[in-house]
Structure formats: structure tokens, C-alpha cells
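**Student:** coords please:
(chains A, B and C)
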Amino acid sequence: MPINENDLELFLESTSILNSSSQNSIDKTTSNAELSNIEHSTLLIPQPPLLKTGTTLSELKTQEGNDYCNHDSINETEEGGKTDSIKQQEKNDDAFEKMHSNNNNRSCNKNNSYFNPMLQSPTRMPQRYNNYDEYMENKIFQQNKNDQKLIAEYEKQFNKTYPQIFKNTNIYINGYTNPTRLQLHKLIVLHGGKFSHYLTSKRNVTHIIATNLTSKKKIEFRKYRVVQPEWIMQSIEANKLLKWQDYALLLNDTNINNTTDIKTLVTKDSTKKPHLDCNHPDFLASFFKNSRLHHLTTWKLELQNKHMKSNPVGAHHNRIKKIIYYIDFDCFFATVSGLKHNENSSLPIAVSHGQGNSDIASCNYAARSFGIKNGMWVSRAKQLCSTLKILPYEFDSYRKISETFYELLYDKFDTVIPLSVDEGVFIDYPEDIDYKGISEKCMDIRNLLSTKTKCTVSIGVSNTLVLSTLCLKSAKPNGFKIFLPHNTEKEAVAKFVGSFQLTDLPNIGHKTADKINELYSPSSIITLADLQSNLSSLSSFNKLNKLGGKLSRKIILYLKGEDDIDNISKINTPFNYFRKKSLSVDINWGIRFQTIEQVYNFIDRVVARLASQLKSINMASSQYTIKLARCKANSPIEPPKYLGMGLCDITSKTGRFPAHTNENYIMSPEIKQSFRKLYIQAPISSLRGISITLSNLKTNNDRDIGSMLDRKTNNTLDNFPRLHPPLPHDVPLTMSNTENADQMVTVTPLLPSNDNNNNNNNNNNNRRSIEKRKSRSPAREFFNNYHKKKNQERAKHHFSTEIDENALKELPLEMQKEIQREYAVINLVNSTKRSALEAPKIIPKKKLESICCFNPPIPFQKLLNPKEITARLDTWILQNIERGPRTDDALLLVQYLRRLVKFNKKSMLLYIVDHLEEQIDYYRSYYRSASDDPQTSSNHHQMPDGILQWEKLLVLKILPLRESKNRA
DNA sequence: ATTGTGTGGTAG
DNA sequence: GATCGCTACCACACAAT
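**Tutor:** This is a model prediction of the structure:
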């Protein structure tokens, strides 16, 4: 079978990688071992058949594509993945046929299962077992069973029995061999040998087959019978077991002098717990099981799905009283682990996996008094406090206590927003503020939790999220703080905020804190009070702007104890705020690969995981980002942390799937391709981290929003969490179901090509596109025509779904509904333009009337998207803030707003006016605080005239419009 | 000018 | 035995168009 063009391209590309890496490997830092691995990688090129006797190669071939195939086969090639993807376009039967007649020896690889998901046997995806041993045991059992099955099939098909040459041997194959591992495996098994997939079952292994060993392995294997593959081949040829010594790879006297009796090699480390490296199929699971950070993220999702509720009173939450409780366990992990191990909590305790270069996840306050901090390495912490007690993680307990925590508090508040396993925001909307009641509530909660969980919580209470956060900081540990300032008490607020450190403010981490310090006072460390006093001059204000516009605004608001829009929407519309927008897996620990195939296998596993997660939440993705960490050129090959990533260069690449999908057989090849583009000029062994992100998520069906992870269904219907705000059911939306269904490719990418035009063009187009296509991805190519057509159609709609996605998420729920109706109308209007002119009846009049306010949307300077409009207004205000609005501009705006009133565009009007008010307020408060400051007011920055004019415009012209709407 | 990409930061 | 350095999201600079 000739190598087809696809393969050729792939081949060229893969060899170019290899070339570049071998160039690299010339320099001193690269070991010989790496070089030899690279040479081995050229085994990607199909090899000529070597077998002659015993079993013929053709006999082996007929078994290819058979289900008999190990999921840890190292023989997966990229060509395999690609060609499979091409073939999946064909009927599955055809594909299977071809597979059987496949005439080169890129044999069995697990991608075969991509032909048809149904082919995936359950054994391929190991179930979860209680422990690793159990898993191993089961797996080995399965593999032996498979071996028996294979023998039976061969004997049946070729009607002969095979001489039991390798009886009583147990053979393991290390690394690349020629013939391939799989072929050797079959030969060994057929001729009576046992085959070990893992060296972890070393106690039984009698021989190790290898053609090449890394220096490390040479040492490791020096007591074994390490034999070259020719031993197998020639033994079969000779029809008897030849002396292995003649084929020994390692010339080791002690072994050669050994008796030729086949005796199992018992090694010291046979009892050792098997080491899971990143090539092991269960590495991901085992890593995640022990990763605190992974648990944090998954728990957050779980808890939000299960316990989040939002019962604000009315649409405009910011105008009614709210009491925000920020509740947080004190050094949660340390406390719980301490309880579990009956440690005295007054002694320094920390939670960590290891004893040396291992992160401290949490330490108690006794430990903190020594200067120990979370995230510090144990070795360093022990320098600070030699008596520090290191406790293991107790993930189950953490999770369980967290569950109790939310269950106990769920009914006590109007709104519950879990932020983590150990902390959440809880909100009440009382009619009046009852200080005594609040502090009693705090005490009750603390008592309750302390009796039920034996853990202490701290509580910060205030009326904005920022202030609550700060209150919590000052309440810790084991206390509560209530700070509910009146609107008039600005000074008190400023003073309170000023008493904190830079990093105490949300969104200011150590990097930003350093930056701010550098900006204002490189020599000493400044506090928030320093920052406050610094901000009163415009030049200082501009300094802050170097952090970026958004962040500096945030900080200015925070310094006054006010929430920014981000915080507000988090509180007011949590379900909207915490909608799922992306899904990713990051692994930056334990990543050590030798060959590109191992990486591909790994990517396959990661993508499989992502795909199943996507499916479980009933979503599909159209964009991915792959991010790689490779160790920095001059940093040591092994970092101080065991299997850590060390210092790395990080690069990333985004790409798009041909359509929305959640199938790993579409995603995987694409992502691998991006990997190849990204990971160039570096040996595979320097890869230290991989992250794959899927974004542009879309639900399969907007009305049927699936569960996020394993959401429990014990909630009442009323409180049943939703990821999206409910959509109006009677309104045809822009993202109509039918259109979505077309966009979404969930099962197989087979297309009904009943479009006549396209069909005719296809043949012509194909020839051209093969010549000059950029993408080597068959899936992409396959979709190209389809997608183009789709886009053309969509372009006719003036409004794409993106408007909904981006613009709506910021708005309160009520407004979202209304604006969605607007878009529904817009869409109807557009569709009328397109097709309804010929067939005007396409929109029944009744339907139109049922949509609340059937008026066409009102553009502002040709803009329709509310976010775009406010953005334009923002720049307009910013540019004219000091000299005031120009009359004609102001007129334009007012006219626009009046039109909104006239056509009853309530939500839009409200949105715009509120926004304007907020903006002008923002500048006004800035200039006011500047002019209040005695030091600066004399020099510059009196309240500029422009501000007054803006205010005038706002108060006299704009705000009344909002009121008129209320009356109407 | 708008849109997309790669990078960086933060939180818990 | 070590060790388990995740992941969602936003913002921004800059390039591409």
C-alpha cells in the first residue's frame, strides 16, 4: 500500500521534529540515552517484515484491528490516529475491511477504537478500583485471559498448534524493539510463554527483551536476563529455546555464570508499591486522587452545583439592604487532619505529602507563629520549626465536613455561594439591619459548626463583598467581625480598609503587590493606607493605571470599600457568574516522556477524560488551547522536587475544532497536531507539563441544561441549581434548538450532504483543497465545506449567538431575559429580510405579538449590542471628562435614550442609564476625593468644570428618563 | 478599527 | 520513599486582518 499524501506529510513533519531534536541532542546536556531514544523514534517509519518461520507475518496481520490490543501499547503512531480519522468518514464496515488488509506494519494501536466508539471494550477503559493492587490484579488477569483467547483464535484459524518453546518463561519487553512489542508479544504467547506488561510484577519475570537501555535502566536491570529480541525470533526459527546468554544485551558475568535453569528472579523491591509514571494508564487518576489543588477545583464545582442558591429580593439588589457573611474555616486541612490524628492543636502542624521538597497545603496557627506559610516547602518549614508535625491529607474528611458545613448553613441564608471546600459567601436581604441579630447569628453559626464539625470558622460580615473579605481577614482566626458602615461614614470605611496590606485586597496577589510597591515606594513596603493617600493626585492615579485600566478601577473602588461590577454580579447573579465557560486538565507534575508516542498516548488519555466530562455536562467545545511546559535551557534536568516541573518555559497554542464537538476522536488528532507545532526543537524528555483547555463551550440544548459533575438530586425543585438563568420558553431565540443541533457534532461527523450545490462542487473542490490545504487534519478538512456554508448562512443573521454569550452575562437576570427577547425579535426581523419577503407568512402575527414588545431594536451609532454601546459611551466620557460633554453629543445620547423610552425598551434604557450613572459617579468620586485632600486641592485638581457638566447632564436630562419609564 | 492569539495573574 | 506544582476566569499587549 503506497504511502498516501497525508502520511507523507505527517512523516516529513515528524522526522523534522526528530531532526531538530537530534540536532539539539548534540550539545553536551543531552545524554546518549536521549539520542538513542530519538533514533528509536524513527521506528515510526514502517519497517520491512522480519519474521520468517513459525508464525508468518501475514498470519499476524490478519489479526490486526482485532479487539485484541493492549491499551498501553507503546506502538501508537501519529499516522495511526490520522488515518483512522480519515477513515471514520467511511462506513464503519469499510473501515474495518481496510484495517484488515492494511499492508504496512503500523499495527495494532489503540486508536483503532476510534473507528467506532462501540468497539471500545470495557477492558480498555479500566474501571476504578478500590486500590491500585486490585486494579493491577484484575488487569493482569484480563490480559492473561486475552492471551488465552488469542491462542485459541490462532489455533482455530490456522488449524495448527504452536510448539511451546517458551514454556515457563515470563517475558517483559522494554522500550522499542524490532519486531514491535506487539508482534513479539503474540509470538511469545503463541509459543507458550507468559508475557508481562509491567515490570512491576518483576518477581515473576524471567527475561527482559530490549535492544537498547538507558544507562539508568542498565543499572536497574543488571541482575536480570536482558535479552535481545533476536533470541525470540531465532528460537522460534530453531523451534527450540536457545541459550539466552548468546543474546544477552548486558554482558554481565554473574548472570552468565548462572544456571540455565529457568527460575524466577526474586527482587528486593517486589513488595514495593508499583510506581505510577505518566505513561501508566492510571497515572492521571492516581495523580488527581492525591492532588490537593485538583480537589479544590473539583470540589468547588461540585459544591456550587449542589449547594448554591440565590434568592435575592427583587431585580435591583444593589438598592436594597444586604448583609454579606463571608465564612471560612480556620486552616481547614490542618485542623481536620489534626483531628483525625488526635494531634494537639496548640502544637505546630502542617499537612503535606512528603518530608522534604513537598508543598505545605495548610498549617495551623501554631505553625504560622514560626513564620511557616501555606505553600512553603516542608524542608524550609522545618528549618523554621524543627518540631513541626507533618500530617497526611485526609481528603475524604475534608469533603465530608464541607458537606456538613453547607448543609447546616443552607437554610439560614437567602443566598449561598460556595467558593471553596472551606469557604463561602452567604447573604441575607433583611428589611432592617439588626446589629444584635447579626452578631447573634454569627455566634450561633460558629457554635453550631464547632459542635458538629469540631472545626472553627471565622466570619466577616459587611455590606459589600470587599469589606466582608477584609472583615474575615481581621476576624481570623476563630472569630467574627461585623462592619456595617452607613453611607455617610466614608472616612471610617477608608480607615478600616487602610489598615490592611496590599495583598489583602481581592485581585491583588504578590505580583501586583510588588508592582504597586515598585510604583510608589520601591524602598519600603506600603500599606493600603499609603495607597489611599497616594491616589489623591492625578499623577499618582495614573501611576496606578499602569496596572491596567480594569484593575486600577477595581482597586480604587475597593479602597473605598465598594464592590466593582465583577463582585456585584458574583453576588447578584451567581448562577450566571459561575456558568461554565471552559474545561481543562493541567498536569505539571510527574511528566517525564521519552518518546513522542508516549506523549500522544498521554494526550489521548487527557482528551478522553475531557470528552467524557463534556458529555456528562452535555456540552461541546469548538476551541482548544494546549499549553506546554518545558524545562528551561539551563536549569538542571531533575528539579529539586521529585518529579516536579522545575523552572520551565511555558508556551501555548490555541486551535479550533471544525465544529462544536465532544468526541475525543475528533479532538485528539487536532490537539496532537497543535502539540507538534508547538513542541519543536526540544527533546521530548524536557517536557515537564501539559495542559489542555477546551473553550467556546455550548450546551447541546439550551433548555435542557445538564448537570455539571455529579450533582445530587436531593434538592427541591425550587432550589434546584441551574447553570444558566432560565430562558423564556415561548420565545424563539437566536440560539434556536434547530440551529444548534446543526452546529453541534456529537456523534459521528457524517453529514447529510443533501445540498445539491455543494455536492456538485465537492469533487472539484476536493482536488484543489488537497493540494493547498493548510491543515493536515482530516477532520478539519472534512468539515471545511460544511462549515463555510454554515458561516455564510450565519453571516446573514446580523446577530450571532456571541452577542448573547458576551453581553448578557453581566446583566441581572431580568434584564437578560428581556434582552434575549430583543434578540429574538432582531432575529425574526433578519430572517424576514432573508426569506420572508417571498413568504411573509413565515412569522405568524400572533407569535410576534406574544413576544413582549415587538419593536425593532434601536441602534445607537449603528450599535445594537448593549455592551458595545456602553463601551463607546465609556470612551466618550473618558475623553471628555475634564471639559464636559459637547452639546451635540449630549443631544445625540438623549435622543437615543428618548427613543428607548418611546419604544418601551425598558431593559436597555435601564442598562444604559445605570451604566452612565455609575460611570459619572466613578469620576465624580475620584475628583471629589482628590479635592477633599488638603495637600493637593490647592495645587491642582479642583473638581473640573467638565465633571459638573456631566453631572448636570446626568441629573437633569438622563435620570429623569429612567423615572419616566418607571411611571409608564 | 475589530478580532484573535499568546501570556500573565489570581483565587482557593 | 520521594511526591501528587489544579483549573477557571479575566485582562492585556500585540498581531492579524
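
**Student:** switch to C-alpha atoms for all contacts and neighbour counts from now on
**Tutor:** Will do.

**Student:** Quick check: phi and psi at residue A:421.
**Tutor:** phi -70, psi -30 (degrees, to the nearest 10).

**Student:** got a list of what residue A:882 touches?
**Tutor:** Shown in contact with residue A:882 (C-alpha atoms under 8 Å, 6 or more residues apart in numbering): A:944, A:945, A:946, A:947.

**Student:** ok, and the most crowded of the residues you listed?
**Tutor:** Sorting the contacts of residue A:882 by how many neighbours each has (other C-alpha atoms under 10 Å) puts residue A:947 first, at 23 neighbours.

**Student:** Now do the strand or helix carrying that one: which elements does it pack against?
**Tutor:** For residue A:947, the element it lies in under DSSP states H and E is helix A:945-952. Applying 3 or more C-alpha pairs under 8 Å, 6 or more residues apart in numbering; DSSP states H and E, we find helix A:945-952 packed against helix A:906-932.

**Student:** Can you show me the CA trace of the helix or strand residue A:468 falls within as CSV?
**Tutor:** Assigned by DSSP H and E, residue A:468 falls within helix A:465-475. Written as CSV, here are the backbone C-alpha positions of helix A:465-475 (Å, rounded to 0.1, in the frame of the first residue of the first chain):
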residue,chain,number,x,y,z
LEU,A,465,-18.1,41.7,49.3
VAL,A,466,-14.7,43.6,49.6
LEU,A,467,-15.5,44.7,53.1
SER,A,468,-16.7,41.2,54.1
THR,A,469,-13.4,39.8,52.8
LEU,A,470,-11.4,42.3,54.9
CYS,A,471,-13.6,41.7,57.9
LEU,A,472,-12.9,38.0,57.6
LYS,A,473,-9.2,38.7,57.4
SER,A,474,-9.3,40.6,60.6
ALA,A,475,-11.7,38.1,62.2
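
**Student:** which helices and strands does it pack with?
**Tutor:** Short answer (3+ C-alpha pairs under 8 Å, 6+ apart): helix A:465-475 packs on strand A:323-329, strand A:457-462, strand A:480-482.

**Student:** Next, the angle from it to strand A:457-462.
**Tutor:** 140 degrees (axes from the mean of the first three to the mean of the last three C-alpha atoms, to 10 degrees).

**Student:** who touches helix A:465-475?
**Tutor:** Outside helix A:465-475, the residues touching it (C-alpha under 8 Å, 6+ apart) are A:324-328, A:458-462, A:480-483, A:497, A:500, A:504-506, A:558, A:561-563, A:567, A:571.

**Student:** go on, stretch A:495-507?
**Tutor:** With C-alpha under 8 Å, 6+ apart as the test, stretch A:495-507 has contacts from A:466-467, A:469-470, A:473, A:508-510, A:513, A:526-530, A:532, A:551, A:555, A:558-561.

**Student:** How about the residues of chain A by DNA strand B?
**Tutor:** Taking C-alpha under 7 Å from any atom of the strand as the contact definition, chain A meets DNA strand B at A:293-294, A:296-297, A:419-423, A:503-513, A:625, A:650-656.

**Student:** Narrow the residues you listed to those that are buried.
**Tutor:** Among the residues of chain A next to DNA strand B, those buried by neighbour count (16 or more other C-alpha atoms under 10 Å) are A:294, A:296, A:419-423, A:503-505, A:508, A:513, A:625, A:652, A:654, A:656.

**Student:** if we can go back for a sec, quick check: mean pLDDT across the helix holding residue A:468?
**Tutor:** Averaging pLDDT along helix A:465-475 gives 98.

**Student:** can you check stretch A:490-501 too?
**Tutor:** For stretch A:490-501, the per-residue pLDDT averages 94.

**Student:** Check which residues of it are buried.
**Tutor:** For stretch A:490-501, by 16+ other C-alpha under 10 Å, it's A:493, A:494, A:495, A:496, A:497, A:498, A:500, A:501.

**Student:** Please apply the same query to stretch A:513-525.
**Tutor:** Quick answer for stretch A:513-525 (16+ other C-alpha under 10 Å): A:513, A:514, A:515, A:516, A:517, A:520.

**Student:** Doesn't the first one belong to a helix?
**Tutor:** Just to be clear, that refers to residue A:513. Yes - Residue A:513 sits within a helix when classified using DSSP: H, G, I helix; E, B strand; the rest coil.

**Student:** Now do it against residue A:900, distance only.
**Tutor:** 44 Å (C-alpha to C-alpha, to the nearest Å).

**Student:** now do the third one
**Tutor:** In this structure, residue A:515 lies at 44 Å from residue A:900, with C-alpha to C-alpha as the measure.

**Student:** looking at this, residue A:659 is in a strand?
**Tutor:** Yes - assessed by three-state DSSP, residue A:659 belongs to a strand.

**Student:** Go ahead and report the secondary structure state at the closest residue in space to it that isn't next to it in sequence.
**Tutor:** Spatial nearest neighbour of residue A:659, excluding adjacent residues (C-alpha to C-alpha, 6 or more residues apart in numbering): residue A:622 at 5.7 Å. Here residue A:622 is recorded as strand under three-state DSSP.

**Student:** Just give the number of residues close to residue A:342.
**Tutor:** Residue A:342, neighbours per other C-alpha under 10 Å, totals 9.
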